[in-house]
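# need coordinates for the following:
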Amino acid sequence: MHSASPVYVLMLIDSCIHLGWLEMAHGILNDMDAAGDLTGFTQHMALLTAYYSREMFKEAKARYDK
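Okay, the predicted model is just below:
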């Protein structure tokens, strides 16, 4: 992740969420967190909102119940 510009990574996450690829967005956020590259609040809230709008409560809990 370090080789990509943070703006492009955030755009990728936003695009995944928009397309409904929530697991992909979730995985990218996890990878970034593990690498110490904490993303902005906006991407986390967008993913959480998408989970809840699709009634994917288990997935939302798994992402944010650390």
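
# C-alpha from now on. contacts and neighbour counts both.
Fine.

# and Arg54, backbone torsions?
When read as degrees, to the nearest 10, the backbone of Arg54 gives phi -100, psi 10.

# distance of it from Ala62?
Note on Arg54: its distance to Ala62, by C-alpha to C-alpha, to the nearest Å, is 15 Å.

# what of Glu55?
To Ala62, Glu55 is 13 Å away according to C-alpha to C-alpha.

# the helices in the chain, which residues?
When assigned using DSSP state H, the helices of the chain occupy the ranges 6-19, 22-34, 41-53, 57-64.

# and Asp65, how many residues sit next to it?
Each residue near Asp65 was counted by other C-alpha atoms under 10 Å, and the total is 8.

# quick check, pLDDT for it.
The model reports Asp65 with a pLDDT of 70.

# which residues sit in contact with it?
For Asp65, no residue meets the contact criterion (C-alpha atoms under 8 Å, 6 or more residues apart in numbering).

# what's the weakest-modelled helix or strand in the chain?
helix 57-64 (a mean of 81; mean pLDDT, DSSP states H and E).

# got the buried residues for it?
Glu59, Ala60, Arg63 (16 or more other C-alpha atoms under 10 Å).

# now do it against helix 41-53, angle only.
Angle of helix 57-64 versus helix 41-53, following axes from the mean of the first three to the mean of the last three C-alpha atoms, to 10 degrees, is 160 degrees.

# what's in contact with helix 57-64?
Outside helix 57-64, the residues within contact range by C-alpha under 8 Å, 6+ apart are His26, Leu48, Tyr51, Tyr52.

# which among the buried residues of helix 57-64 gets closest to Leu12?
Arg63 (18.1 Å; C-alpha to C-alpha).

# for Val7, see how far away that closest one is.
Arg63 sits 22 Å away from Val7, going by C-alpha to C-alpha.

# please apply the same query to Phe57.
28 Å.
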